[in-house]
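J.: no letters, just coordinates:
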């Protein structure tokens, strides 16, 4: 169900001098475009790779069956309506190339509104996916670090053993102390001082909106940029 505070009806002029009206009108157009897309049967978007369709469609389109669309609605669709849908869905890619978070937030919000999907549910699924990826990346990184730290320690140990083979008395203690210093320097130079690192989910998915607060902030940013560009 549409809420007035979310987005405005389609009869609002995008060229209106009122910024809020223009921003809401952009969001309305985005939702209606996704509603039209939902009712078109067949595959989502063009088949050729590298299409200009929103990434969110390719990301989530497989979860839906577009072939059970409203046939009465399909018959009522005109070429102009289809053309309008394609034009609107291209807005984020066209006007928000420098604001990927804004483009993603606006697309995700509009799609969820049109397709009756829980925004929080999508964000939670994304967060889980990012966390799973982060754990895999973290494990791989720390395994490599472990091998590198072991190799560095082995080189220092080899150096120390050569020195100790002919050392006695106070020299033995100096060699051992120097070995620790050499190892610390070696690990520092290679960024291996800490045995393990922690990889955060956001580091693995920097182009995704992973909180509802940021999504709401960025979708308004995106809609405003598009409204200003169209105006």
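T.: Arrived safely, thanks for sending. All figures in this text were calculated on a predicted structure; none of them were measured in a lab.

J.: which elements pack onto the lengthiest helix in the chain?
T.: For the chain, the longest helix by residue count, based on DSSP state H, is helix 119-164. Using 3 or more Cβ pairs under 8 Å, 6 or more residues apart in numbering; DSSP states H and E as the contact criterion, the neighbours of helix 119-164 among helices and strands are helix 100-115, helix 170-189, helix 201-204, helix 212-230. Glycine gets a C-beta too; all of them are placed from N, C-alpha and C.

J.: and the angle for the longest one with helix 119-164?
T.: Angular relation of helix 170-189 and helix 119-164 on a 0 to 180 degree scale: 150 degrees, by axes from the mean of the first three to the mean of the last three Cα atoms, to 10 degrees.

J.: re the thing from before, so what's the gap between the longest helix of the chain and the chain middle?
T.: 23 Å (Cα atoms, centre = their mean, to the nearest Å).

J.: same check on stretch 191-211?
T.: Between the mean C-alpha location of stretch 191-211 and the chain-wide mean there is a distance of 13 Å, by Cα atoms, centre = their mean.

J.: name the residues of that stretch that are buried.
T.: Neighbour counts using 16 or more other Cβ atoms under 10 Å place 192, 199, 201, 204, 205, 208, 209, 210 of stretch 191-211 among the buried residues.

J.: low-confidence stretches in this protein?
T.: Low-confidence segments of the chain, defined by pLDDT under 70, span residues 1-19, 41-53, 58, 60-76, 209.

J.: domains of it?
T.: With domains defined by automatic domain parsing, the chain comprises 19-126+211-230, 131-204.

J.: pick the most deeply packed of those.
T.: With neighbours defined as mean count of other Cβ atoms under 10 Å, these peak in mean count at domain 19-126+211-230, which reaches a mean of 17.

J.: so which residue is smack in the middle of the chain?
T.: The geometric centre of the chain, computed from its C-alpha atoms, lies nearest to residue 208 (Cα atoms, centre = their mean), at 2.0 Å.

J.: SS state for it?
T.: Three states are possible here, and by DSSP: H, G, I helix; E, B strand; the rest coil the one that applies to residue 208 is coil.

J.: what's near enough to touch it?
T.: When the contact criterion is Cβ atoms under 8 Å, 6 or more residues apart in numbering, the partners of residue 208 are 104, 126, 130.

J.: now residue 106. Nearest residue, chain neighbours left out?
T.: Nearest in space to residue 106, with sequence neighbours left out and distances taken as Cβ to Cβ, 6 or more residues apart in numbering, is residue 222 at 3.9 Å.

J.: is it true that that neighbour touches residue 102?
T.: Yes: using Cβ atoms under 8 Å, residue 222 is in contact with residue 102, at 3.3 Å.

J.: need the overlap of contacts for these two.
T.: Jointly contacting residue 222 and residue 102 under the rule Cβ under 8 Å, 6+ apart are 92, 96.

J.: how about the secondary structure of residue 167?
T.: Quick answer, by three-state DSSP: residue 167 is coil.

J.: tell me the contacts of it?
T.: Listed by Cβ under 8 Å, 6+ apart, the contact partners of residue 167 are residue 175.

J.: distance check, it against residue 145.
T.: 32 Å (Cβ to Cβ, to the nearest Å).

J.: same check, this time on residue 119
T.: Looking at residue 119 against residue 145, where the rule is Cβ to Cβ, the gap reads 38 Å.

J.: then residue 82?
T.: Residue 82 is 53 Å from residue 145, where distance means Cβ to Cβ.

J.: now do the same contact list for residue 182.
T.: Contacts were defined as Cβ under 8 Å, 6+ apart; by that measure residue 182 touches 156, 159.
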